[in-house]
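Participant: structure here, sequence nowhere to be found:
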């Protein structure tokens, strides 16, 4: 009986340890990859404040340095989650709910959402005023990187 | 719930689940313009003990009588100009009756971040959820707090034909202010609870009793909303105001002593109808707390030709006379919810409605108190299922038609109503 209990305890502790390590590794990999904020060449600025970046993605702000800007989202993944956590302060479900509340009341449009870094880069490169984000090690050919202050 | 009812709800859920992957591609080109199309649909099952609710026979085997859907299309015409519209249809017991309506249709011009103009039929910004109250998938609740967002009276404040001026003003360390000023004409909801309540015929003709035929109701409405995203992370507070000037015209058909109907035209004018409200919302990690309080003060004048009838049933009319009425309604709610993970959230709210603030609030004929607990299961990104229990005390009595209608409860009201709501929602 005692052995059974100690085995259960050991497996329980082992399971929890594995879970903690898994969570740590996921968060570390997201951190290591980093998030790169990119913009179409038409965006005059080379840097953006974190407040303005949040305002652009919450559709509060649609101009930067006098030029029109529009946000471009990733559909999911570690970079998306890291970007939301670091700059927007909302979960994916909360952000989607916010956009839908605008779309279904006639008070806004749903921002473009794309499935991969390559698609985001390609769309931002060809769309005037587009601002998006990709993982730190993604190629940013054809777009400019925005420094977030 | 009978087995067939389970099957119906399961069928609705499966249909929504099956449709979701097929329908979430929602953008196409019209010439050089990109057009976004979005939609939603919901189906609910309601079963209650004692009283029938929301014009449905909920007190028997329950009812699947709550269905609604909406589809919208919008296009960004230029950097600053956007066009869009949404059709909405519903059937809620005896309400809606599948009469499609234009929910909103707007032209929007954003001159600056702090100055935006909207014109057309515009959803009215009033409190936290007035403009989004149909979008049940945004909330933990199958039914929003009915004291503030009654399903049956949805059409009373949902939109105005006119315009908005709105904008967002960040104030550095003080957070952000969002203002909206609006004005226009309130569209009449001839298939809503207000008309249903006053036109439902009594089940038995009674001498001096009457039935009402409503010709029209409507008028101007204007107001504003100011909300402050405070420097305290996750805390938003705000205040709203709405003023309406409505005119209702129709004919009351009175039964004379011979139980023969005698028509008596009437008109009801609003002298003042002011709603003021305050609200707050606080989110902290996976918790969300919100609450609203409103006061509606209304003064009306009814003009009607009185008549007198002989015992033989011959009636003669007197000159039209005027009778004033005043009303003071108070209502609000507090709510708390928690998201456990990607799939499950749960919460509770307490919703309170007082029909006549100047009289005893404890009377069940003067209040509707609703304690609700709810669980929401997100099946995937586009489909959810909610299970909700309501423990309702009171019915507002004859002072107000709100959820409970005499015609649906011909045997009179019980004081308490326990209500189960199961609702599935789908959007794309």
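Facilitator: Perfect, I can see it now. Just so it is clear, the model here is predicted, and its values are computed rather than measured.
Participant: near chain A, which residues of the stretch 51-200 of chain B?
Facilitator: B:70, B:72, B:74, B:76, B:79-80, B:82, B:84-86, B:104-106, B:108, B:110, B:113, B:118, B:122-123, B:131-132, B:134-135, B:137-138, B:168, B:170, B:176 (Cβ under 8 Å from any Cβ of the partner chain). The C-beta positions use only the backbone N, C-alpha and C, and glycine is treated the same way.
Participant: and the stretch 201-350 of chain B, by the same measure?
Facilitator: So far as Cβ under 8 Å from any Cβ goes, the stretch 201-350 of chain B lies against chain A at B:233, B:283, B:339, B:342.
Participant: tell me how far residue B:221 lies from residue B:185.
Facilitator: Taking Cβ to Cβ, to the nearest Å as the measure, residue B:221 falls 7 Å from residue B:185.
Participant: overlap in contacts, the two.
Facilitator: Taking Cβ atoms under 8 Å, 6 or more residues apart in numbering or on different chains as the contact rule, residue B:221 and residue B:185 both touch residue B:160.
Participant: the more surrounded of those two?
Facilitator: residue B:221 (26 against 15; other Cβ atoms under 10 Å in any protein chain shown).
Participant: tell me the pLDDT at that one?
Facilitator: If you check residue B:221, the pLDDT there is 96.
Participant: partner strands of the helix or strand harbouring residue B:387 and their direction?
Facilitator: If you go by DSSP states H and E, residue B:387 is part of strand B:383-393. The pairing partners recorded for strand B:383-393 under DSSP bridges are strand B:367-378 (antiparallel), strand B:416-427 (antiparallel).
Participant: what comes up buried for it?
Facilitator: B:383, B:384, B:385, B:386, B:388, B:390, B:392 (16 or more other Cβ atoms under 10 Å in any protein chain shown).
Participant: of all those, which comes closest to residue B:407?
Facilitator: residue B:392 (18.6 Å; Cβ to Cβ).
Participant: ok, now which ones touch the spatially closest residue to the closest one that is not a sequence neighbour?
Facilitator: Leaving aside its sequence neighbours, residue B:392 sits nearest to residue B:417 (Cβ to Cβ, 6 or more residues apart in numbering or on different chains; 4.1 Å). Going by Cβ under 8 Å, 6+ apart, residue B:417 touches B:48, B:49, B:50, B:51, B:53, B:390, B:392, B:395, B:404.
Participant: what's near enough to touch the third one?
Facilitator: Taking Cβ under 8 Å, 6+ apart as the contact definition, residue B:50 lies against B:59, B:413, B:414, B:416, B:417, B:418.
Participant: up against chain B, what does chain A have?
Facilitator: Counting by Cβ under 8 Å from any Cβ, chain A sits next to chain B at A:51, A:55, A:60-63, A:68, A:89, A:93-94, A:96-97, A:100-101, A:103-107, A:109-110, A:129.
Participant: in helices only, show me those residues.
Facilitator: Among those, the members falling in helices (DSSP state H) are A:51, A:55, A:93, A:94, A:96, A:97, A:100, A:101, A:103.
Participant: just the buried ones from the residues of chain A next to chain B, in ChimeraX syntax?
Facilitator: Here is the ChimeraX command that selects the buried residues among the residues of chain A next to chain B (16+ other Cβ under 10 Å):
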select /A:55,60,61,62,96,97,100,101,103,104,105,106,107,109,110,129
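Participant: what subset of the residues of the stretch 201-350 of chain B next to chain A is buried?
Facilitator: Of those, these count as buried by 16+ other Cβ under 10 Å: B:283, B:339.
Participant: now the residues of the stretch 201-350 of chain B next to chain A in a markdown table, with secondary structure and pLDDT?
Facilitator: Formatted as a markdown table, these follow (DSSP: H, G, I helix; E, B strand; the rest coil; pLDDT from 0 to 100):
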| residue | secondary structure | pLDDT |
| --- | --- | --- |
| B:233 | coil | 92 |
| B:283 | strand | 95 |
| B:339 | strand | 95 |
| B:342 | coil | 89 |
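Participant: circling back to that earlier point, what residues does the strand holding residue B:387 touch?
Facilitator: Contacts for strand B:383-393 (Cβ under 8 Å, 6+ apart): B:13, B:16-17, B:20, B:53, B:136-137, B:140-143, B:364, B:367-379, B:403, B:415-426.
Participant: name only those of the residues you listed that count as buried.
Facilitator: By 16+ other Cβ under 10 Å, these give B:13, B:16-17, B:20, B:53, B:136-137, B:140-143, B:364, B:367-370, B:372, B:374-376, B:378-379, B:403, B:417, B:419-426 as buried.
Participant: this completes my enquiry, with thanks.
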